[in-house]
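S.K.: Curious how this folds, go ahead:
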Amino acid sequence: MTDINDINIRLIDSTMLLVFLRTMRHKKATAVAKEMGLTQPAVSHALKRLRILFKDPLFLRRAHGLEPTALARELEPKVENIIRLISQTIEGSEQFFPNSATTDLRIGAFDYELTNIIPKLVAKLRLVSPNINIHAFPLHSDGAIHALSQGQIDLSIGYFNFPIRGRKTYIAEKLHSEHYVLAARRDHSIFKGKLTLEKIAKEKHLLISPYGRIKNLLDHALDLQGLKIDIQTIVPSLFPALSILENSDLVVTLPKRVAEDNGQKFDIAHRDLPIEGGEFQIHAVRHVRDAKSPLHLWLLKILRELVTQ
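M.R.: Sure, this is the predicted structure:
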């Protein structure tokens, strides 16, 4: 095939390439002109420019129409690829092909999301988009927002204790609501009879906190009753807590979905807390620069499906 230098590339426009492909299909300039809404002289002029560019007749006049030369037949699939690439680039905001996508997806998530959501997302992507790699970073709240602003992550999933929606730089979409439950070893005596604050206060507790001893919703509810929690053990994340529960008489408050998803694996049971409120929202947050990103829109769709299963 004839080499095309930078100067020759400037001589090409998409109309010329489309005229070439239509001529390969119809073999007649009149049919090409009619299909493309051009005059016949305009089609002839485009073909003339192509002949000059490639230094080849491209089409030979025959009684039945225009016959492609060997070079024209060689060019056809390559020109089709060029037109397809241009089309996909222009329409990229509306198209995404997960089965062929290849990229690294960086997600900021904290303990709950790393335990409850990320494993499901990885399993799903292995099925529908195996060439998308997940890189999860243990980021929460302000740290996640900073990482989004710096382009260090593509998306953050979690509970945000400030009004993300009020920040015009970010887009927050609610994935689902969650609330805390009391969990313990399946045969724990606390599950016998009605669960009350008095019964909870009598137990030895496990606290999940990367920040050390902090007060949670249950603490405040007990304070109102003049009761206190006896914290025996503090761990920074969910998974060691689940393992400890299975092999001890401690109790813990943790998100309901974590208890449900891991109950059988760690042989633990759970009950709703006997207090009002306690619900919190899990959001997916992205930077406004990715508002119409086909990758992000597809990913959000997948996440919404996963959290409703």
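S.K.: Using PDB, write down the CA coordinates of stretch 120-127.
M.R.: Once non-C-alpha atoms are left out, stretch 120-127 reads as follows in PDB (Å, rounded to 0.1, in the frame of the first residue of the first chain):
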ATOM      1  CA  LYS A 120     -19.500  -8.600  44.600                       C
ATOM      2  CA  LEU A 121     -18.200  -6.000  42.100                       C
ATOM      3  CA  VAL A 122     -15.100  -8.000  41.400                       C
ATOM      4  CA  ALA A 123     -17.100 -11.200  40.900                       C
ATOM      5  CA  LYS A 124     -19.500  -9.400  38.500                       C
ATOM      6  CA  LEU A 125     -16.800  -7.800  36.400                       C
ATOM      7  CA  ARG A 126     -14.900 -11.100  36.000                       C
ATOM      8  CA  LEU A 127     -18.100 -12.300  34.200                       C
END
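S.K.: Any buried residues in that stretch, and which?
M.R.: 120-121, 125 (16 or more other Cβ atoms under 10 Å). For the C-beta atoms, the positions are set from N, CA and C on the backbone; glycine is no exception.
S.K.: Stretch 127-139 now?
M.R.: Buried residues in stretch 127-139, counting neighbours by 16+ other Cβ under 10 Å, are found at 129, 132, 136-137, 139.
S.K.: can you check stretch 44-55 too?
M.R.: Buried residues in stretch 44-55 (16+ other Cβ under 10 Å): 46-47, 49-50, 53-54.
S.K.: cool, and stretch 272-291?
M.R.: Along stretch 272-291, these residues count as buried under the neighbour rule (16+ other Cβ under 10 Å): 273, 278, 280, 282-287, 290.
S.K.: Switch the residues you listed over to TSV; also include distance to F239, pLDDT and secondary structure.
M.R.: Conversion of the buried residues of stretch 272-291 to TSV gives the following (distance: Cβ to Cβ, whole Å; pLDDT from 0 to 100; DSSP: H, G, I helix; E, B strand; the rest coil):
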residue	distance to F239	pLDDT	secondary structure
L273	22	91	coil
G278	22	72	coil
F280	20	87	strand
I282	18	91	strand
H283	23	92	strand
A284	23	94	strand
V285	24	93	strand
R286	27	92	strand
H287	30	89	strand
D290	31	86	helix
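S.K.: And the pLDDT at the closest residue to F59 other than its chain neighbours?
M.R.: Excluding its sequence neighbours, the residue lying closest to F59 (Cβ to Cβ, 6 or more residues apart in numbering) is L66, at 3.9 Å. Turning to L66, the model gives it a pLDDT of 93.
S.K.: Please apply the same query to Y159.
M.R.: For Y159, pLDDT reads 88.
S.K.: ditto for P240
M.R.: On the pLDDT scale, P240 gets 92.
S.K.: And for the one 4 residues further on?
M.R.: Per-residue confidence (pLDDT) for I244: 96.
S.K.: now swap in D6 and tell me
M.R.: pLDDT recorded at D6 is 54.
S.K.: what does N216 give?
M.R.: 74.
S.K.: Quick check: it touching T253?
M.R.: Yes: using Cβ atoms under 8 Å, N216 is in contact with T253, at 6.4 Å.
S.K.: Who has more neighbours out of those two?
M.R.: Each of N216 and T253 has its neighbours counted (other Cβ atoms under 10 Å); T253 has more, 22 against 14.
S.K.: give me phi/psi at I171?
M.R.: The phi and psi values for I171, taken as degrees, to the nearest 10, are phi -120, psi 120.
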